[in-house]
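Trainee: Fold the following, please.
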Amino acid sequence: MARPAPTVGIIGLGFGRAHIPAFQANGCQVVAVCQRNQVQARAVAAKYDVPRVFTRWEEMLDEVRPQIVVIAAPPHLHHPIALRALEAGAHVLCEKPLARSRAEAQEMVAAAARAKRVAMTGFNWRFPAAMQSLHALVEEGFLGRLFHASARYLVPRWVDEATPTTWRMDRSQAGHGVMGDLGVHLVDLTRWNFGEIVRVSARAGIAYPGRTVPGGARPADAEDFCAVTAELASGALVTLMASRVARARNEQTLEAYGSQGALSYRLARQEPRWYEGELRAASGSTGLEPVKVASGLPSSAAEGEQLEVTGKATIAPLVKRLLAGIERGENPSPTFEDGMRAQTVLDAVCDSVARESWVEVPLG
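Mentor: Numbering: from 1, shown residues only. Next comes the predicted model:
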């Protein structure tokens, strides 16, 4: 007899909407969604044939008791939701940043270990085909000894001053600004490909100081752009640039240069089959040449609005790893531990901005 499809509850329907087609593409049953705005939540549930709608996550966990919980709410809720879901026996996939601080993230790691549940961080940008190929080449030693690398994540979302603010401008809810939004992916890709970051020097800025947090109670205090110089345990240098006020840009790039080769990755949202990414490579004295990559995704992955494509093309492979980990009783990467390590770097970046100096990144 075939096993019943795993049940999933999704908390937060901003980026969380992308998780619905990702889980459904893997044969899971999304049984409940949760968002404060009930009208919006019901519209999303109707679109994807989700039977239950909640405005309070506590009620969803208690009444539905899904086997897998997706946390895509603002970061200040990640910690309490994760602890409650894990205690209830659910496996957890939590969006980035994992928490607002290293301390919160450590408690989440410990809770997952106590519960003996699979707990993963939503680092979906590991999964475009070109990034997977880059990682494989790095693992094979294509670069030789890494000298330096650079990575950028640029979007234009808040480049216009009149664009309404959200919780992302409020550090008490978001923990960080653009570094928690976008830069954390650059931190993860750096760690995953090249090893641990051991110290950082960072500068950051707020594009429009006149902006306020939602409601206007006080000025916005979360950075809109940030530049980081990082030193790796290997001694290599990496520069990271994240911006949510980059006019006319919506792309990710990563370049790496070593003793034997060079790799150049680019993912631009405006281009056809953008979700595959582009990769070029060079070795010896040759110039950078295109590397052919294949996504291995069904043609249906390209159908729908961009958020649906993001889910089916970049989150679905992560979900596949999650389900395999549950089946085997293993905790596949990117784990809560990966999220906590990235959070540690974010905290060091924040400290460096405040101190205007190099800051060590604790590895213990």
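Trainee: Give me the pLDDT for residue 2.
Mentor: For residue 2, the pLDDT comes out at 64.
Trainee: and residue 19, how many neighbours?
Mentor: 32 (other Cβ atoms under 10 Å). Any C-beta I mention is one placed from the backbone N, CA and C, and that applies to glycine too.
Trainee: Begin at 504 from now on, thanks
Mentor: In the new numbering, first residue 504, that becomes residue 522.
Trainee: residues contacting it?
Mentor: Contacts for residue 522 were tallied using Cβ atoms under 8 Å, 6 or more residues apart in numbering; they are 511, 513, 573, 575, 596, 814, 818, 822.
Trainee: Among these, name the ones in helices.
Mentor: Secondary structure assignment (DSSP state H) places residue 822 from the contacts of residue 522 within helices.
Trainee: quick check, nearest of the contacts of residue 522 to residue 711?
Mentor: For residue 711, the nearest member of these is residue 575. The distance, counting by Cβ to Cβ, is 26.7 Å.
Trainee: Now the closest one: closest residue in space that isn't a chain neighbour?
Mentor: Computed as Cβ to Cβ, 6 or more residues apart in numbering, the closest residue to residue 575 that is not its neighbour in sequence is residue 519, at 3.1 Å.
Trainee: Any chance of CSV for the contacts of residue 522, columns neighbour count?
Mentor: Putting the contacts of residue 522 into CSV (neighbours: other Cβ atoms under 10 Å) gives the following:
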residue, neighbour count
511, 28
513, 32
573, 32
575, 25
596, 25
814, 26
818, 26
822, 26
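Trainee: so residue 863 sits right up against residue 702, yeah?
Mentor: Yes - counting by Cβ atoms under 8 Å, residue 702 is a contact partner of residue 863 at 5.0 Å.
Trainee: Quick check on these two: which one has the bigger neighbour count.
Mentor: A direct count of neighbours by other Cβ under 10 Å for residue 863 and residue 702 places residue 702 higher, at 16 against 12.
Trainee: Using the three-state scheme, assign that one.
Mentor: The local conformation at residue 702, judged by DSSP: H, G, I helix; E, B strand; the rest coil, is strand.
Trainee: Name all residues that make contact with it.
Mentor: Residue 702 makes contacts with 733-734, 851, 861-864, as judged by Cβ under 8 Å, 6+ apart.
Trainee: One more pass at 10 Å, please.
Mentor: 732-736, 848, 851, 855, 861-864 (Cβ atoms under 10 Å, 6 or more residues apart in numbering).
Trainee: Over to residue 668?
Mentor: When contacts are taken as Cβ under 10 Å, 6+ apart, residue 668 is in contact with 661, 711, 714-719, 723, 725.
Trainee: any idea how far it is from residue 844?
Mentor: From residue 668 across to residue 844, the span is 30 Å (Cβ to Cβ, to the nearest Å).
Trainee: And for residue 687?
Mentor: Separation of residue 687 from residue 844 (Cβ to Cβ) stands at 11 Å.
Trainee: ditto for residue 807
Mentor: Distance of residue 807 to residue 844, computed by Cβ to Cβ: 33 Å.
Trainee: More neighbours: which of those two?
Mentor: The residue with the greater number of neighbours, taking residue 807 and residue 844 and applying other Cβ under 10 Å, is residue 844; the counts read 23 against 13.
Trainee: Which of the three states applies to the more buried one?
Mentor: Secondary structure assignment for residue 844 (three-state DSSP): helix.
Trainee: give me every residue that touches it.
Mentor: Residues in contact with residue 844, defined by Cβ under 10 Å, 6+ apart, are 601, 605, 608, 612, 624, 690-691, 694, 699-700, 837-838, 864, 866.
Trainee: okay, it: pLDDT?
Mentor: pLDDT, residue 844: 98.
Trainee: and it, how far is that from residue 531?
Mentor: According to Cβ to Cβ, residue 844 stands 28 Å off from residue 531.
Trainee: do the same with residue 513
Mentor: Residue 513 sits 11 Å away from residue 531, going by Cβ to Cβ.
Trainee: Now for those two: what residues contact both?
Mentor: Shared contacts of residue 513 and residue 531, defined by Cβ under 10 Å, 6+ apart, are found at 522-523, 525, 569, 571.
Trainee: can you map out the helices along the stretch 554-703 of the chain?
Mentor: Assigned helices in the stretch 554-703 of the chain, in chain order: 560-567, 581-590, 605-618, 632-643, 674-677, 681, 687-697 (criterion: DSSP state H, counting those that start in this stretch).
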